[in-house]
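Asker: Return atomic coordinates for the entry below.
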Amino acid sequence: MTKRVVSQLVVSAASLSLTAAFAPSGLTNIAHLSSKNHHATRISAPLSSAASSDDVIDADIVALSTNPTLNLTPEGYGFSSPISRVMKESGKSGYYRAKSSESVVDVMGEIGKNEVALVFDEENDKELMGIFTDYDFIRLSTEQARARTEEESAVFMAAPVSSFMTPAEKLICVEPTSTASQAVAIMTNNNVRHTVLVDKCGPNFSFIPGSSVDGVVSMEVLLNLIQTDNRLSYTKLSEKFPGLANKPIEQMREELKSQANALANNEETAKKDLIRAGTAILGAGSIALYASQSAWLSSHAELAMIAIFVLGYIGIIFEEVFEFNKAAVALLMSTGLWVTYADFYGGSTGLASATVLEQLSEQLAEVSDICFFLLAASAIVEVVDAHQGFKVVTNLITTKSKKGLFWVIGFLTFFLSAILNNLTVTIVMVSLLRKLVPNDDDRRLFGAMVVVAANAGGVWTPIGDVTTTMLWINNNLSTIPTVTELFLPSIVCLVASLFFLVNQVEEDSSLAESTLPPPSPLAPRGQVVFWTGIASLLAVPVFAELTGLPPYLAMLTGLGAMWTMTDIIHMDDEEEDMKVPAALSKLDTSGILFFLGILMSIGVLDKSGLLKDLAVFLNDNLPNQDIIATVIGIASALIDNVPLVAATMGMYDLADYGTDDKLWQLIALCAGTGGSILVIGSASGVALMGLEKIDFLWYAKKVSVGAAIGYFAGIATYLAQNAVLSGALLGGSVSP
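Answerer: Sure thing, here's the model as predicted:
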């Protein structure tokens, strides 16, 4: 045999394991696999129930996993890979878990991420009813095209997915111990692209009702793994034929090196490499500096804390650029600040003193109040949503104009945040927007508007915003003057901001094409849950006022009441999605941890006196109280307004500036509305970041200018109103 013939044989053998899967049983092209249907259903003639498993899969493909001459990869790899390994390597389940009542349009949105949807029974979430793929959607679209009216056509999209799925009895399946070659053969012979992975299959790979579903295996995932594993075959071939002039393994390695170099030679990869290197250097340097107990750190602790805070905020602001999760950055920032303060600040000996430990406990208690409040409020809203309680509101909103809806939601948020707190209202309204606004980009803008409206609405009542509440509890403000004198500036702030932001809303037919069903009465259970949830939220300020206990305890009490009530309502139901544990599992834990990190960081700056120093600096360098309050409001866009207002309360004595003095009212207005200028400036903004995955730069680009316009319009309105009420323009310079 000539060398040329040997080379051809070697190349043929090397490619056998890749090509065999594409040409079994007379199929000469993989495209032929999609001639009829592409998901895990039997579309050819039913297989005989008497046939064995070996009779219904392609022997040529199975041979690849059993014949050592054909399968050059090690056992358990390539075509002999067990399906359990295939799923582990893919790192995903391969499907979206849909309820039988979910609409087709909602399921289609998830299929884009997961390829297919497995549809489970509404009552028994372990019972698989069928599968829905893009090809089921094509079948639906074909029927939809026959519709005679637009209304009739829209019914198809809002129809439950169970109406158009492929039923479970037509599915084929594989087991975890099945091999890749078997799965390829099964899918090839049945002309499908997906097969369901279960703990046990029936005869001829049929689905047994009640089987435990572990995932969905796609042809694409299988072939990707097989092709990756088969690189090993080139190594074996090179060892078998060492005399070949054209060694395939060396050639392949050189090609891989060239490809890797080409991929690395771009700006995106260079940016990532630079970020990784910079992060590693910064982390190693910080650890070394702290571990060495450096004298420089002890003498420059204030500078170190400021540097940690600035670097942390840069990491949060440019989250999308650095690709660091903001919760991780916030937690690291708070830890770094507390370690620096405890071990190096103010002549510390290197260990936290009893005073610092007490301050840490106090700060954690304060932050935990807010975190538990957020947790309980979010859970209540989730439970109400699970029972479709927001139908009470959505049934009343009939406008199909996006700009009209923008104004409606803005004013609704404004007045709700006056009787609830702005954080709770933000959570409720964002949940409501998910029902009303189908487009993601539109919903982000609406959500940002909710933050502006909630912060403006929380200013003019003592229970609407935490800073107003602080001033009210400390007797800096009283109820009637706060409501009467801050209402007009607050609503001007809202209107001015909305006038600017509404110009970014583009009218289209998306609301008319929304997946919301037509208005329908809410079921009695839903009404009970909705009104109980609203009562739980409204009772928070009443509970706090009557008992003197913090608001988070009232919110936890409301959650406990909702939990007990829903357990009673669903006592005989196996469905868990309607109960509180299911709602808790849906909460954004990373968002709550981000909140924790931010507030703990701000707290240590307050405990160390750095914020007090900032307030003194403002007092010494700014000419009057109007400008001081304005600057405090702008600063609250970057730094949490609670410690800023607390520091201001410590600077100015009630003996000099009595209850309802212009200074306190202006600080309440500025600190409340100034937090809207940046998304990280308020609790509602931080909550929105977690709920709608809004990043700092998007908010700064789209919303900050509008929020700033409203902020300055509100201040101007208050000063003009105060001048009219007092009969003269007051300079109000602050005495040193």
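Asker: Go ahead and list the helix or strand containing T532.
Answerer: helix 524-547 (DSSP states H and E).
Asker: Only alpha carbons, please: show that helix as CSV.
Answerer: Only the C-alpha atoms of helix 524-547 are listed here, as CSV (Å, rounded to 0.1, in the frame of the first residue of the first chain):
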residue,chain,number,x,y,z
PRO,A,524,-63.0,35.7,45.6
ARG,A,525,-59.7,34.2,46.8
GLY,A,526,-57.7,36.7,44.8
GLN,A,527,-59.8,39.6,46.2
VAL,A,528,-59.2,38.4,49.8
VAL,A,529,-55.4,38.1,49.2
PHE,A,530,-55.2,41.5,47.4
TRP,A,531,-57.0,43.4,50.1
THR,A,532,-55.2,41.6,52.9
GLY,A,533,-51.9,42.5,51.2
ILE,A,534,-52.9,46.2,50.8
ALA,A,535,-54.1,46.3,54.4
SER,A,536,-50.8,44.8,55.5
LEU,A,537,-48.9,47.5,53.7
LEU,A,538,-51.1,50.3,54.8
ALA,A,539,-51.0,49.2,58.4
VAL,A,540,-47.3,49.6,58.7
PRO,A,541,-47.2,53.3,59.7
VAL,A,542,-50.3,52.8,62.0
PHE,A,543,-48.6,49.9,63.7
ALA,A,544,-45.4,51.8,64.1
GLU,A,545,-47.2,54.9,65.5
LEU,A,546,-49.3,52.9,68.0
THR,A,547,-46.6,50.6,69.3
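Asker: What is whichever helix or strand comes after that helix packed up against?
Answerer: Next helix or strand after helix 524-547 toward the C-terminus (DSSP H and E): helix 551-569. Counting contacts by 3 or more CB pairs under 8 Å, 6 or more residues apart in numbering; DSSP states H and E, helix 551-569 packs against helix 354-386, helix 524-547, helix 580-585. For glycine as for every other residue, the C-beta is placed from the backbone atoms N, C-alpha and C.
Asker: Buried residues in helix 551-569, which are they?
Answerer: Neighbour-count burial for helix 551-569, with 16 or more other CB atoms under 10 Å as criterion, is recorded at 551-559, 561-563, 565-566, 569.
Asker: which residues of the stretch 201-350 of the chain fall in strands?
Answerer: Assigned by DSSP state E, counting those that start in this stretch, the stretch 201-350 of the chain shows strands spanning 213-218.
Asker: low-confidence ranges in it?
Answerer: Low-confidence segments of the stretch 201-350 of the chain, defined by pLDDT under 70: 231-266, 268, 292, 319-321, 346-350.
Asker: Which residue ranges of it form helices?
Answerer: Along the stretch 201-350 of the chain, counting by DSSP state H, counting those that start in this stretch, helices occupy 219-229, 231-240, 248-264, 267-291, 295-299, 301-317, 319-322, 326-344.
Asker: just the stretch 601-736 of the chain next, same as before
Answerer: Using DSSP H, counting those that start in this stretch, helices in the stretch 601-736 of the chain cover 610-621, 625-635, 641-651, 662-674, 683-692, 696-702, 704-726.
Asker: Can you tell me which of those helices has the worst average pLDDT?
Answerer: Ranked by mean pLDDT, these end with helix 641-651 at the bottom, a mean of 68.
Asker: quick revisit: tell me the one of the buried residues of helix 551-569 nearest I314?
Answerer: Y552 (31.2 Å; CB to CB).
Asker: For the closest one, which non-adjacent residue is closest in space?
Answerer: With sequence-adjacent residues excluded and distances taken as CB to CB, 6 or more residues apart in numbering, Y552 is closest to F373, at 4.0 Å.
Asker: Pull the number of nearby residues for the one you found.
Answerer: F373 sits with 23 neighbouring residues when counted by other CB atoms under 10 Å.
Asker: Show residues contacting stretch 207-220.
Answerer: Where contact means CB atoms under 8 Å, 6 or more residues apart in numbering, the residues beyond stretch 207-220 that reach it are 33, 40, 83, 86-87, 93-95, 115-116, 118, 126-128, 131, 168-169, 171-174, 176, 183-184, 187, 193-202.
Asker: for that stretch, which positions count as buried?
Answerer: Buried-residue list, stretch 207-220, by 16+ other CB under 10 Å: F207, S211, V213, D214, G215, V216, V217, S218, M219.
Asker: What distance do you get for the first one to V217?
Answerer: The spacing between F207 and V217, counted by CB to CB, to the nearest Å, is 14 Å.
Asker: relative to helix 662-674, how tilted is the helix or strand that contains S490?
Answerer: Assessed by DSSP H and E, S490 sits inside helix 479-501. Orientation check (axes from the mean of the first three to the mean of the last three CA atoms, to 10 degrees): helix 479-501 against helix 662-674 gives 40 degrees.
Asker: Just the CA trace of helix 479-501, in PDB.
Answerer: Extracted as PDB, the C-alpha positions of helix 479-501 are listed here (Å, rounded to 0.1, in the frame of the first residue of the first chain):
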ATOM      1  CA  THR A 479     -47.600  66.800  60.300                       C
ATOM      2  CA  ILE A 480     -49.800  69.700  59.000                       C
ATOM      3  CA  PRO A 481     -47.100  72.200  57.900                       C
ATOM      4  CA  THR A 482     -45.200  69.300  56.200                       C
ATOM      5  CA  VAL A 483     -48.200  68.300  54.200                       C
ATOM      6  CA  THR A 484     -49.400  71.800  53.300                       C
ATOM      7  CA  GLU A 485     -46.000  73.400  52.500                       C
ATOM      8  CA  LEU A 486     -44.200  70.500  50.800                       C
ATOM      9  CA  PHE A 487     -47.100  69.200  48.600                       C
ATOM     10  CA  LEU A 488     -46.800  71.800  45.900                       C
ATOM     11  CA  PRO A 489     -43.000  71.600  45.500                       C
ATOM     12  CA  SER A 490     -43.200  67.800  45.400                       C
ATOM     13  CA  ILE A 491     -45.800  67.700  42.700                       C
ATOM     14  CA  VAL A 492     -44.000  70.300  40.700                       C
ATOM     15  CA  CYS A 493     -40.900  68.200  40.900                       C
ATOM     16  CA  LEU A 494     -42.800  65.200  39.600                       C
ATOM     17  CA  VAL A 495     -44.500  67.100  36.700                       C
ATOM     18  CA  ALA A 496     -41.300  68.700  35.600                       C
ATOM     19  CA  SER A 497     -39.500  65.400  35.500                       C
ATOM     20  CA  LEU A 498     -42.300  63.600  33.700                       C
ATOM     21  CA  PHE A 499     -42.500  66.400  31.100                       C
ATOM     22  CA  PHE A 500     -38.900  65.700  30.300                       C
ATOM     23  CA  LEU A 501     -39.000  61.900  30.500                       C
END
